[in-house]
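Trainee: got a predicted structure plus its sequence, pasted below:
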Amino acid sequence: DSGVTQTPKHLITATGQRVTLRCSPRSGDLSVYWYQQSLDQGLQFLIQYYNGEERAKGNILERFSAQQFPDLHSELNLSSLELGDSALYFCASSPRRGTGELFFGEGSRLTVL
Amino acid sequence: LAKTTQPISMDSYEGQEVNITCSHNNIATNDYITWYQQFPSQGPRFIIQGYKTKVTNEVASLFIPADRKSSTLSLPRVSLSDTAVYYCLVGDRADSNYQLIWGAGTKLIIKP
């Protein structure tokens, strides 16, 4: 158990819909990262927050947005969903900035039909 | 921007030592090199992290040459349960922005 909690674990929805994925980082971790992993693919970095502020942005589509709240939990919002958005979405937290030590949640599997 | 290259796949047998090398040029000079293991439908799990020379823990060793342009993850006496995808991760500080650069992953298959 990494200490990072993601909900929901599974989500099935239709094209054009909007979903919100939630992440609770490990206690005390200020950094939260979001990654997308399509079937049999590597990790695609989406966005990073540190203590409520956006720190880095990767290949995140304009249809996607995220935020980190004062209690440090984070949400990833995916809208106008397309079939190609079907993937595992991972959240990771880190105890320090500028370190490669990440603790990953078990992911949210999104299926868009 | 830093770039990482690692083999797409590797096969080995139970009881053997497996070495997976990641090439990474232009990494941040004061940053660590980290390796992760990922099983299907699970989040990646931290294996080992190092800055230079050699680091060893209970599951693996990490060898980093002086120029830090590559790193080698060594798994001693692998078992079937070591079948997984292994990723290297480095930091890059181009344009004063810190970014984490992931390798594409090496799919390791251990045979009986």
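Mentor: Yep, that arrived. Just so it is clear, the model here is predicted, and its values are computed rather than measured.
Trainee: not counting its neighbours along the chain, what's nearest whichever residue of chain B sits closest to chain A?
Mentor: Residue of chain B nearest chain A, by Cβ to the nearest Cβ: B:G43 (3.1 Å). Every C-beta, even on glycine, is put in place using the N, C-alpha and C of the backbone. Using Cβ to Cβ, 6 or more residues apart in numbering or on different chains and skipping residues adjacent in sequence, the residue nearest B:G43 is A:F104, 3.1 Å away.
Trainee: just A:G3 next, same as before
Mentor: Distance criterion Cβ to Cβ, 6+ apart; nearest residue to A:G3, sequence neighbours excluded, is A:R26 at 3.8 Å.
Trainee: please apply the same query to A:P25.
Mentor: Nearest one to A:P25, counting by Cβ to Cβ, 6+ apart, is A:S93 at 3.3 Å.
Trainee: same check, this time on B:I33
Mentor: Excluding its sequence neighbours, the residue lying closest to B:I33 (Cβ to Cβ, 6+ apart) is B:S71, at 4.6 Å.
Trainee: okay, and the beta partners of that neighbour?
Mentor: For B:S71, the beta-bridge assignment (DSSP bridges) gives partners B:C22.
Trainee: okay, it and A:T5: tell me how far apart.
Mentor: Applying Cβ to Cβ, to the nearest Å, the value for B:S71 to A:T5 is 31 Å.
Trainee: and those two? Which one has more around it.
Mentor: Per other Cβ atoms under 10 Å in any protein chain shown, whichever of B:S71 and A:T5 has more neighbours is B:S71, with 26 against 15.
Trainee: wait, that one touches B:Y86, no?
Mentor: No - the criterion here is Cβ atoms under 8 Å, and B:S71 misses it with B:Y86 at 11.5 Å.
Trainee: overlap in contacts, these two.
Mentor: B:W35 (Cβ atoms under 8 Å, 6 or more residues apart in numbering or on different chains).
Trainee: list the beta-bridge partners for B:Q37.
Mentor: Applying DSSP bridges, one finds that B:Q37 bridges with B:R45, B:Y86.
Trainee: near chain B, which residues of chain A?
Mentor: Proximity of chain A to chain B (Cβ under 8 Å from any Cβ of the partner chain) is limited to residues A:2, A:4, A:33, A:42-43, A:45, A:55-56, A:88, A:90, A:92, A:97-107, A:109.
Trainee: which ChimeraX command selects the buried ones in the residues you listed?
Mentor: Command for ChimeraX, covering only those of the residues of chain A next to chain B found buried under the criterion 16 or more other Cβ atoms under 10 Å in any protein chain shown:
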select /A:2,4,33,43,45,55,56,88,90,92,99,100,102,103,104,105,106,107,109
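Trainee: keep only those of the residues of chain A next to chain B that are in helices.
Mentor: Among these, no member falls in helices (DSSP state H).
Trainee: among the residues of chain A next to chain B, which ones are in strands?
Mentor: Among those, the members falling in strands (DSSP state E) are A:33, A:45, A:55-56, A:88, A:90, A:92, A:103-104, A:109.
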